[in-house]
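Novice: model the structure of this input:
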Amino acid sequence: MEEGNGLEPSDGLLSLAAQIESVLFVADEPVSVGRLAEALEVTSGRIERALADLEAAYVGRGFCLQRIDNRVQFITAPEAAPCVERFLGLEARMHLSQAALETLAIVAYRQPITRPEIEAIRGVSSDGVLRTLLSAGLIERLGRADTVGRPFLHGTTSEFLQHFGLRSLDEMPPLEEEATLVQKSS
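Specialist: Numbers count the residues shown, from 1 in each chain. Below you'll find the predicted structure:
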């Protein structure tokens, strides 16, 4: 048997993958790879290999792993959203205004970003929209910028990914300007 396969038990107990599943099942927020490695007393490399094995094993299942930077958590498969929403009585999903969608797109593609930077792009005040997105849990404050006035830096949350049926920010479509640059360089 190959060393490092997270799906097979290595010590007669649970496999590394099963141990990761157990920890993620009880975690109430995304868990860093480093924290998993520390808790399970293995290297980050072994955790990453086991996570890759789990991701492959979950294809076509009702749940999946969501990765946000170096953190991971279980989520319902985005494809299952309609039946889960019906079960939970959530058919009336939150509808976002055009201003909120515009602001959310700016945050998603340019994060971390400050309110003044958002307003420079939009050309209008964004205080109210940012408050709405913060209270909806779609964006969060990531810290403060090292500039005059130390404005808050904003970024998207795991709830943002869930709301839009994404497993990671890598699944977001490329910006038109980025797609044009890629085509020109090809």
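Novice: can you map out the strands along the chain?
Specialist: Ranges of strands in the chain, per DSSP state E, are 31-32, 63-68, 71-76, 113-114, 139-144, 152-156.
Novice: Serialize these to JSON lines and add fields for mean pLDDT, distance to residue 15 and mean neighbour count.
Specialist: In this view, the C-beta of every residue, glycine as well, is placed from N, C-alpha and C. As requested, the strands of the chain are exported to JSON lines (pLDDT from 0 to 100; distance: least, CB to CB, whole Å; neighbours: other CB atoms under 10 Å):
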{"stretch": "strand 31-32", "mean pLDDT": "96", "distance to residue 15": "18", "mean neighbour count": "17"}
{"stretch": "strand 63-68", "mean pLDDT": "89", "distance to residue 15": "16", "mean neighbour count": "18"}
{"stretch": "strand 71-76", "mean pLDDT": "90", "distance to residue 15": "17", "mean neighbour count": "18"}
{"stretch": "strand 113-114", "mean pLDDT": "96", "distance to residue 15": "41", "mean neighbour count": "20"}
{"stretch": "strand 139-144", "mean pLDDT": "95", "distance to residue 15": "34", "mean neighbour count": "15"}
{"stretch": "strand 152-156", "mean pLDDT": "96", "distance to residue 15": "33", "mean neighbour count": "21"}
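Novice: got a markdown table for those, with distance to residue 128 too?
Specialist: Below are those laid out as a markdown table (distance: least, CB to CB, whole Å):
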| stretch | distance to residue 128 |
| --- | --- |
| strand 31-32 | 33 |
| strand 63-68 | 26 |
| strand 71-76 | 29 |
| strand 113-114 | 16 |
| strand 139-144 | 13 |
| strand 152-156 | 14 |
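Novice: so which of these is nearest residue 40?
Specialist: Nearest to residue 40 among the strands of the chain is strand 31-32 (10.7 Å), distances taken as CB to CB.
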